[in-house]
Each structure stands twice: as C-alpha cells, then as structure tokens.
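>>> Below is the structure, and that's it, no one-letter string:
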RNA sequence: GGCCCCAUCGUCUAGGUAGGUCCAGGACACCGGGUUUUCAACCCGGCAACAGGGGUUCGAAUCCCCUUGGGGCUACCA
C-alpha cells in the first residue's frame, strides 16, 4: 500500500509552498488508495511556536486535506510528534554508535565555523574530518565535565551514491562529497536528517514527495537508511520549488519585507501609533524598519491593516482572509509544477485526484502567479453554487469579523446571487457591508463624493431621486428600477448619472451591489435617512461647484 | 567558492520518454473593440515562446555536448 506523509516543522502558519507539498502527497495517496500521514517535526526547540501545530492542522483542514494518521486522529505508528519519539531515536543512535557507524564529536560552533571558512578559502567543499578512532563513553564524560557540547555524527559511506528520483531520474553524488553529518544534537534531540529516516521507516512510508530543497539531503538519508538496516528504500520524488514574483523561493519573510518597503516609501507615518496598533515598542518598529528585526505575524498584519495596505498573501490563512475559496487553492496548487496534460485547468477535486500522477510533475521551478489564482477563484466562486458558497462566505465573514455576519441566510443568499461574477469573497463583503452599518456610520469616500455628488448636478439629482423614492408606495426592485430609468430618460442622461449619486449616498462609496437591489434591500426608511444625511452634509459645498 | 537541479509566449503549461502530423496548442496577464447602473463578470479580436552555439539525422522544440541564465543546498534549521 502507498503511504505518503507531510512533515512540517511547527514554526508558524502553513504557507502555500508547504500546502502544495502536503497536497501532492495527499492527492497521490488518494489516487493510489493509500494512506496519508501528518507528522510534526518539532525537534528544534528554539524555532517551535506553541500555536503552530494547531494552525497548520486548521489550515490543512480548511483546504480539505485530511490525514489518515497523525495528531488528533492517531494511528498505529504514533506518536506523531517527533518530540515524543525520543526513545526511538536514542535506540537507533545507540545502535549506530555500537556498530561504529556513528561517533561522538565535541566541537564548538566557533571551531566548526573556522573549519568551514578554511575550506571555503581553499575553494573546497567542507567535509568534517572524521577521527581515526571514535571517542568512547569516557571521552563523553570528560567533554561534559569541561562543558563541551557532545553531538553524534554519522560516519557517512565513502563510496558514491546514486539517488533514484521519480521526477529527476538518477542523480549521482561522488565519493566523499557528503560529509559526516550530525544525527543527534548536543541537546539530545535528533536532527531532521536522522529523525526523518527513522520515522519514514517506522511509519512505513513508501513515497517521499517533497521539495527540491531536500534533494541534497537524500544521499545522506539514503546512506543512513542502509546503515540502519532498514531494507528497501522508499521512492523519492523531489518536486520543483515555487518561486515568488520577487525571485527566489517563496518565503514567509515576504510579508514583513513588503510591509517594510511600504513603510519606508511612505511619508508622514506616525511610528508611535504604528507601534501601538502592532502591539510592539517604538524601538521595535525602528529596528524593524532598519531590517534588523521582524515582529510577529499578528503585529505585521495589524500594522498593515492600520496603514490600509494589502500585503502579498503567503500563508494559507492569508488567502482565506483575502477571500479565496479552498477549492481554488487546491485546484491552483495542484496544477503548479504539475499538469494533467492537455488543456484541463479548472477541475473539481475528484478529477484532480483522478488525474494526479507523479510522472506529470514538472522539473522546472514555477512562479506563483496571483493574477491567475484570482481568475481561478472567480471561476470557482461561480461554480461553487448556493449552499457551498454560502457556507464559505459565512466562514469568511466570521474570520474577518464583518458586520455582514449579522444577516440571515436568506439575505446572504440574495447578496451572493446579485454579486455573481465577483472575484473574491472579500469583494462581496466590501460591496455589501454598507447594508449592515448604522445610517450615521456611513463613511464617505472622498473621491466618490467629489466625482459623483459635487459634479454634474449630482446633489440636485439626488434631491429629485429622494423625493421620488419618498413618494413610492411599493418599494420593490422593479419600481425602483423603473423610476431611475425614466428619470434618466427624462433628463436625457445615462442611468449612471442618476444612479451613482444615490449609490454614494447610501454606501458612501462608488462601488456596491447593483443599485436597484441595494436600495430595495436597505429599505425605504434607511435609504431616505441616508440620502438626507448626505444632502445635509454636502449641501453647502455644492454652491461653489 | 563547492555540489546539485532546471531551461517552450510576460506567467502557468501542452508537445519531449517512442525525432517528421508543431511556421508550436490552451489558460492567465496584456492590448483593441463590444456589452454595462458602479466594481466585477461576460462576448469578439489581437500580441506573444522552443535561451545561444555546436553536433547527430534526410529531418530536432524533441537526442548529445558546450556556453549563458535561473533556482536549490552548502547549520548541533527543517
């Protein structure tokens, strides 16, 4: 049976690169009728974030990626947190040491650094100098007494290694190219390369599908696998890497960097206020701008919101909060660096699973194109249809704490219906939120006011519209439409000339749900109140125009 | 610096494993036009690529080599 796994380290939110790796593993397992395991690689105490595991699981679930074994669901090969598997790693480390396939070393970071610098100066690859005789337990005691760190290194095989990769074919590594790497850190935790091998074996993983950044780890892991006597190797598939628009691997750093750029490029920013909204000190803001430190994600987000700027989405939650559907993400990610062949693009999940094939993975790196993602989202919103879209929309509204959440299902369905063609859920929320604000809380967009109210007799027309609305007995979409259309005809102007002032009056902005429906949904009373407020507020300034 | 991977329109890609059906197809973006009560959506049309150089072959986007360019790794991170 095919067994795949996704093994993130809990250092933060799940980002799209990780999501893609998880998705490919999951898709392949589903396709082959196999199992998909979630394993948390929390062996680096310094980098772990307490909430990260929770976050990653939430994000995977939002995408619809269910794990058959792993945290919370359990399974026969647990525990699924590496920090809880120390005994297993210790056992294998001991085995390797006993068999003289691994040895203790006591170098300080400074000593290693010096060796590395020397190698570089000689234009050579750094290879750790393996001692002739491996240190024994007594040496470990001695080192500890002198406060020297004791780590364990794997005595790497000296012959060359060939990695057989499903997407790249045979990749050869010459003899002596891979040095003795550390398998157990001085804090007693295993390193990634070691824990990964032990776990892939003990969890019976058959296919290791991961990013190309791991290709260079593979010869070492393969050698370890053999030294441990684990038998037949799993199949390896190293996928292309996702590149960002700014070049280089898509990384979590991009959001803070984008924010830093914006802050630097903007004049008159109240740094104290910025620190306050970001819940950090003024000093931290300053060091952040100087690119010396990076605040936490919530701080970054809060500051961006305060500045009213949109940062590029990187994490799965970012896309959720920007109004993308999980179906969009899954479809788009499944096709990034992979292709079903032919012209197929927008596909439902079962089809995605059906056509998934490791041999269709692309070798070249691919750029994450947000514009195309937007197009995918537009299409998926269109295709999602009633119930599913409604449920996604409600999830979204809750997450962004929109006032629109106060609407009942019928109302939300109506909004979704009249917003057909929207690109994101955020668009729909933006267009409809005016319906759920108090009449006196409407914020007027300066540009919109200038353009449609203070020009071309906007206010005068608005007054006429107001009177006609007030006189209307049946406040129906049809009547509202007829009234506005005939008024436009009467005045010999386009419908926009009479509709836009009304729109700005009730929404404060030039963009909203279609005007006839908007007015009807708002209701006669609120509409008139808002128009009156608008007329009063901008009435005087009309004289100078 | 060392090692490794990669190379078709601006972008994602089809075609490449079995060379001719490819003066290279689709999608997104972009440009032009249409539709339109805003923003979208929608409809029609257009622009646009086999990185360069050598081979092999009757014939190469497809096979080989070199150059160039991009990316990755080079941690007691994963």
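That came through fine. Remember, predicted model here, so these are calculated numbers, not experimental data.

>>> in chain A, which ranges drop under the pLDDT threshold?
Counting by pLDDT under 70, chain A shows low-confidence ranges at A:540-545.

>>> which residue is nearest the middle of it?
In chain A, the residue lying closest to the centroid (Cα atoms, centre = their mean) is residue A:315, at 1.8 Å.

>>> Specify the beta-bridge partners of that residue.
Applying DSSP bridges to residue A:315 yields these beta-bridge partners: residue A:15.

>>> which residues touch it?
Residues in contact with residue A:315 (Cβ atoms under 8 Å, 6 or more residues apart in numbering) are A:12-16, A:59, A:252, A:255, A:297. The way it works is simple: take the backbone N, C-alpha and C, and place the C-beta from them, glycine included.

>>> Look up the closest residue to residue A:153, ignoring the ones flanking it.
residue A:180 (4.3 Å; Cβ to Cβ, 6 or more residues apart in numbering).

>>> Would you list the phi and psi of the one you found?
Main-chain dihedrals, residue A:180, degrees, to the nearest 10: phi -70, psi 110.

>>> correct me, but it touches residue A:134?
No: counting by Cβ atoms under 8 Å, residue A:180 does not reach residue A:134; the two are 10.8 Å apart.

>>> So the two - more neighbours on which side?
Between residue A:180 and residue A:134, counted using other Cβ atoms under 10 Å, the more crowded position is residue A:180 (19 against 16).

>>> does residue A:204 count as helix, strand or coil?
Of the three states, residue A:204 takes coil according to DSSP: H, G, I helix; E, B strand; the rest coil.

>>> now it, nearest residue through space, not along the chain?
Leaving aside its chain neighbours, residue A:204 sits nearest to residue A:3 (5.4 Å; criterion: Cβ to Cβ, 6+ apart).

>>> same thing with residue A:279?
Distances taken as Cβ to Cβ, 6+ apart put residue A:299 closest to residue A:279, at 5.9 Å, once the chain neighbours are dropped.

>>> Name all residues that make contact with the one you found.
Neighbours of residue A:299 in contact, by Cβ under 8 Å, 6+ apart: A:278-280.

>>> Go through these and flag which are in helices.
In this view, these that belong to helices under DSSP state H are residue A:278.

>>> Now do stretch A:508-528: everything it contacts.
A:411, A:414-415, A:418-419, A:430-432, A:434-435, A:439, A:442-445, A:447-448, A:451-452, A:466, A:469-470, A:472, A:475-477, A:480-481, A:484, A:499-500, A:502-504, A:506-507, A:530.

>>> Could you name the specific helix or strand carrying the residue lying farthest from the centre of chain A?
Outermost residue of chain A with respect to the C-alpha centroid, by Cα atoms, centre = their mean, is residue A:490; its distance is 52.6 Å. Residue A:490 belongs to helix A:477-491 when assigned by DSSP states H and E.

>>> Enumerate the residues of the stretch 51-200 of chain A near RNA strand B.
A:105-109, A:112, A:116, A:119-120, A:123-126, A:149, A:151, A:168-169, A:171-174, A:177, A:181-182, A:185-187, A:189, A:191-193 (Cβ under 7 Å from any atom of the strand).

>>> Could you identify the buried members of the residues you listed?
By neighbour count, with 16 or more other Cβ atoms under 10 Å, these hold A:105-107, A:151, A:168, A:171, A:173, A:181-182, A:185-186, A:189, A:191-193 as buried.

>>> need the strands for the stretch 351-500 of chain A, in chain order.
Chain-ordered strands for the stretch 351-500 of chain A, with DSSP state E, counting those that start in this stretch as the definition, fall at A:366-367.

>>> host element of residue A:104?
Remark: residue A:104 resides in strand A:102-105, with elements defined by DSSP H and E.

>>> what about the residue lying closest to residue A:479 once chain neighbours are set aside, neighbour count?
Distances taken as Cβ to Cβ, 6+ apart place residue A:472 nearest to residue A:479, at 5.8 Å, with adjacent residues excluded. If you count neighbours by other Cβ under 10 Å, residue A:472 ends up with 16.

>>> hmm, back to that, doesn't the residue nearest to residue A:279 fall inside a helix?
Yes: assigned with three-state DSSP, residue A:299 falls within a helix.
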